[in-house]
Every structure is written in structure tokens, then in C-alpha cells.
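**Q** no FASTA, just this:
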RNA sequence: GGAGAGGUGGCCGAGUGGUUGAAGGCGCACGCUUGGAAAGCGUGUUUACGUUAACGCGUAACGAGGGUUCGAAUCCCUCCUUCUCCGCCA
């Protein structure tokens, strides 16, 4: 959510940004609705003040034994108008708020301008792509050939976009989770959280999934939603709280399964594990002071990258352009891992600085050194998407006979050096 | 699921339907006092919106949302949540 005051004071900037981000709401509409709101508040405040002072008189008169009837009649009429104005005023406030809730965040000045992913910019690359003496296979082929990945039975149990991992592959997924959590907590300074996987609508509004993107979520009959990412419960940890400035920044990591309806992605990544209704992820979240969030974004991105480096998986980091960023982000780096089977880079992490966008929605604040209330800045990034990391391990560590070498960092927890057909 | 008791400021804790944004205490900040500290004394100590050059002023907020009333922290209804007891249960 944007600050209406900022919009009023920076109308040209706002107009340009709204266009770049494809906002359905215009600056002019915001100004109009806000003016209406102010006018109604003024009317209400004045009338309510009159009502209050005269009501007090009634109390006084009665105490003194004077006749209060004339005032009572007068105030009776005021009361009706006050009630009406009160409704109108809160309606106007809600209208403004719901407009503000639909507007995407303003891009940071360092973000490249562009309408789609073709305008994204490579920030850096890491690692050496392996040369294969044979034709590299895709992960689903490798998994099914090993007999360790079963999509058909998963479809029977649930439907399409689900998978069953068997034996060594189930263990590999678990080893990756454990490995990522270990690195993020022990080396990169994150505190681990275990959170609810079902959350309420307020929580999803805080991080920006609601009200605009309800169709992407699974909703239960009791009104709970399955979380689409741990960003949701973790970022909302301090919702409606004033946090101590001295404790900032907070760094949290959390492993959770994630659930996405994938409505509107028919025909996209139908095969394999890339796009599932349910997948595992270790998420990184930082909550910072305003002036520290961009340094924190670099750190958080590096922390996510460190997992790929330790697994020796080649990747590149992309700076997303204005048109390719998520709703709440002011700046985003995507980390893309190299998949030799697919012969392309695929997103494995998305690290964003949301600035005060979520802080304002969540109403999470701190008192700065001047005693002024400020909204926190929030950041999140995958550290990493576990299923896609498993894909990357399969494809990058495959051997000609279809077996998979286990990355050195995982050999201890896997208890083996190679995954072979059982 | 059943029965009962609660939810008030950073914390604890008063509150009779009428100058209660809210007693008192603790904490915190500043000042006085002191050789220095503690104690003591004094002053101050929520946020949002509106208004103002500024000091201020106005309005709202006592879990949330409705209602009764000229007037609600106080009365009524619904919901959320915490605690105790019973039942069920991994």
C-alpha cells in the first residue's frame, strides 16, 4: 500500500510509476476520493463537536435541576445527522483504502524500465556450466527412469500438478531442506520459525496477496487459506505491532510447504516438478529500518546464492524490470539456476525489497531516533525453492547411466555418494 | 463440543451512562537535589486523521463489528481471543 500523502506530493512520479506497473487505479481518482474523504471528515468533526458540547450541557442542566428539554430536542436532530455523516465518512475511508490496496508498489530508481522479462538485466553469473559427453536428460525423465518420481499415482491421489517422491529422492528433498536451514541459521544469521500453513484473510492482505489475487490461493471451507509461501506468515509476525528500533533488523527463515492454485497457468510447465500445486520452500525474511533495506536486499540475495554455491550449481542473478516485478516489490533480484536438461536458466529464488508497502498494510512500525513513527521495510526471498533445487541437482549431477551423483555438501546426510535405481 | 471467568495506555491496575484520553502505581525522559550515585521532589510520557506558519486546536480509538441513548470504557447483540473445569483427540 502506498502512502496517500506521498502520492499527493509526488504526482508526476506516481503517474509515471502507475503506468509502468500497469495500475488499474489512476492518480486523479485517488486525489478525487481523498478530497471527498477530507471534506466528509471535516463535516463530521464539526457536527460531532457541537453534539458533544451540547450533550454535556444536558448533563449539567439536569444536575442543576434546569430544564434540559429545549437542548435535548436540538441535539436529537444533530444526532441523526452525525450518524449519517459518520457512515458516509467511514465509507469514504474504506473506498480510499480499497483503492490503495489495489495499486502495485513504486519501483526503486535503480530498477530497469521495461514491460516484460525481456527487459530484465543480468546482474552477475556464477559457476561453470558442465560439459556433457552425452545428451543431458530432463529431471522428470531421470526421476521416472530411476523409479523414484511418480506423477501418475500422485494424479490418482490428488490430481495434476502433484508428485510423489520415493526412497532416495524423498530423502534428497528432506536433506536439502535440512541443509538450507542449517546454512541460513548457522552461517547467515537467520532465526528459524515454524508457522501455521493455514492463515486468515487479514494476514494475506498484509503481504498483498489479498484482495487482488484470491484466485491464486486455495481457500478452505472454514475460511482459512493455505499459504502460497512462508513469506505470508513470517512477514506478518509483527503485524499491528510497534517494534523496538534497537531490535531491527529481524532476520527469519522458515521451511514450509507452499500451495498455489496456478489458475491461469494452463499448459505452462505441465511436465515435471517445475510448477506444482504443492511444493517445499525455505524462505528468508528481513524486517528492517527504512534506510537499511537496500543493503539488506543485497545481503539476503547473497544468502540465497550461498546455497547454490555450496551445491556447486551454476546460476545467474537477474535484476527484474518494472513490468516483471511482483505486486508488492520495489526491487527484485531473481536467481536463476542452470538446468542442462532443459538447456536454460530457471528461476529458483526471487528476492525482493518491498520497502514500506507491506509494513503499511500490516501496520508494523518502529519509532526512529527522532521519535517519529516509521513503517518497517520488509524483504523476502527464497533460500531456496526446494523442489527446483532438487531438479537442479538431478540435471546437473546426472551421469550417463542415469544415476545421480550426490553433491558433496549433501553426502553426509544422504549417507551415500550416488543415487541409483533401487 | 459443553460450563464458567476475563480482554482498559510500554507494563500492572481503577473505573457510579454525563469536562475520563482515561485515577493510582511501575517503567521511561528531562529538570532540581548530591562530591558522585541511590532515594526524594517537580514536569512530562499513545496513535491516526483533519486544521495551523507555529504554539496549539478539533475528531476518532478502552479486543473487533453492530445496536440502545441527547451522551457509552460503562447497557444490549454478534464475532475474535485468553484462562479454568469437563468431554474428545494426534
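**A** Looks like it came in fine. It should be emphasised that the depicted structure is a prediction, and the values quoted were computed from it without experimental measurement.

**Q** mind checking pLDDT for residue A:61?
**A** Turning to residue A:61, the model gives it a pLDDT of 83.

**Q** scratch that, residue A:74
**A** Each residue has a pLDDT score; the one for residue A:74 is 88.

**Q** thought it was touching residue A:55?
**A** No: between residue A:74 and residue A:55 there is no contact, the gap being 10.5 Å when judged by CB atoms under 8 Å. Yep, even glycine has a C-beta here, placed from its N, CA and C like the rest.

**Q** surely residue A:380 is within a helix?
**A** No: under DSSP: H, G, I helix; E, B strand; the rest coil, residue A:380 sits outside any helix and is assigned strand.

**Q** tell me which residues touch it, please.
**A** The neighbourhood of residue A:380, defined by CB atoms under 8 Å, 6 or more residues apart in numbering, consists of A:229, A:231, A:234-235, A:283-286, A:300, A:351-352, A:354.

**Q** secondary structure for these - can I get that in CSV?
**A** Converted to CSV, the contacts of residue A:380 look like this (three-state DSSP):
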residue, secondary structure
A:229, coil
A:231, helix
A:234, helix
A:235, helix
A:283, strand
A:284, strand
A:285, strand
A:286, strand
A:300, helix
A:351, strand
A:352, strand
A:354, coil
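
**Q** who are the contact partners of the nearest residue to residue A:163 once chain neighbours are set aside?
**A** Setting aside the residues directly before and after it, residue A:163 is nearest to residue A:154 in space (CB to CB, 6 or more residues apart in numbering), at 5.0 Å. Contact criterion CB under 8 Å, 6+ apart gives A:162-164 as the residues in contact with residue A:154.

**Q** so which bits of chain A are right by RNA strand B?
**A** Taking CB under 7 Å from any atom of the strand as the measure of proximity, chain A contacts RNA strand B at A:5, A:38, A:41-42, A:44-46, A:48-49, A:51-56, A:58-60, A:62, A:72, A:75-76, A:78-79, A:82, A:90, A:242, A:367, A:371, A:373.

**Q** so what's the residue of the stretch 151-300 of chain A found nearest RNA strand B bridging to?
**A** Taking CB to the nearest atom of the strand as the measure, the stretch 151-300 of chain A has residue A:242 as its residue closest to RNA strand B, at 6.7 Å. With DSSP bridges as the criterion, residue A:242 is bridged to residue A:365.

**Q** circling back to that earlier point, and of the contacts of residue A:380, the nearest to residue A:34?
**A** The shortest distance between residue A:34 and any of the contacts of residue A:380, using CB to CB, involves residue A:354 and amounts to 23.1 Å.

**Q** now residue A:20: which helix or strand?
**A** Assigning secondary structure by DSSP states H and E places residue A:20 in helix A:11-21.

**Q** ok but the residue nearest to residue A:163 is inside a strand, no?
**A** No: note on residue A:154: no strand contains this position according to three-state DSSP, which reports helix.

**Q** relative to residue A:384, how far out is residue A:394?
**A** The gap separating residue A:394 from residue A:384 is 15 Å, by CB to CB, to the nearest Å.

**Q** what residue ranges in the stretch 51-200 of chain A score low on pLDDT?
**A** Applying pLDDT under 70 to the stretch 51-200 of chain A picks out no residues at all.

**Q** surely residue A:376 meets residue A:286?
**A** No: counting by CB under 8 Å, residue A:376 stays clear of residue A:286, with 9.7 Å between them.

**Q** more neighbours: which of those two?
**A** Neighbours were counted for residue A:376 and for residue A:286 using other CB atoms under 10 Å; residue A:376 has more, 30 against 27.

**Q** may I have the phi/psi pair for the more buried one?
**A** The main-chain torsion angles of residue A:376 are listed as degrees, to the nearest 10 and equal phi -70, psi 160.

**Q** ok, so of the contacts of residue A:154, who is nearest residue A:192?
**A** The nearest one, if we look at the contacts of residue A:154 relative to residue A:192 and count by CB to CB, is residue A:163, at 25.8 Å.

**Q** wouldn't the closest one be in contact with residue A:148 here?
**A** No: if you go by CB under 8 Å, residue A:163 and residue A:148 don't touch, sitting 10.6 Å apart.

**Q** helix or strand: which one has residue A:194?
**A** Element membership of residue A:194, judged by DSSP H and E, is empty: it is in no helix or strand.

**Q** what residues are up against the nearest residue to it once chain neighbours are set aside?
**A** Closest residue to residue A:194 apart from its sequence neighbours, by CB to CB, 6+ apart: residue A:254 at 6.7 Å. With CB under 8 Å, 6+ apart as the criterion, the residues that contact residue A:254 are A:192-195, A:230, A:233-234, A:282-283, A:285.

**Q** from residue A:28, how far out is residue A:254?
**A** 41 Å.

**Q** pretty sure residue A:8 contacts residue A:33?
**A** No: Residue A:8 is beyond contact range of residue A:33, at 11.8 Å (criterion: CB under 8 Å).

**Q** could you tell me whether residue A:349 really is in a helix?
**A** No: checked against three-state DSSP, residue A:349 lies outside a helix; its state is strand.
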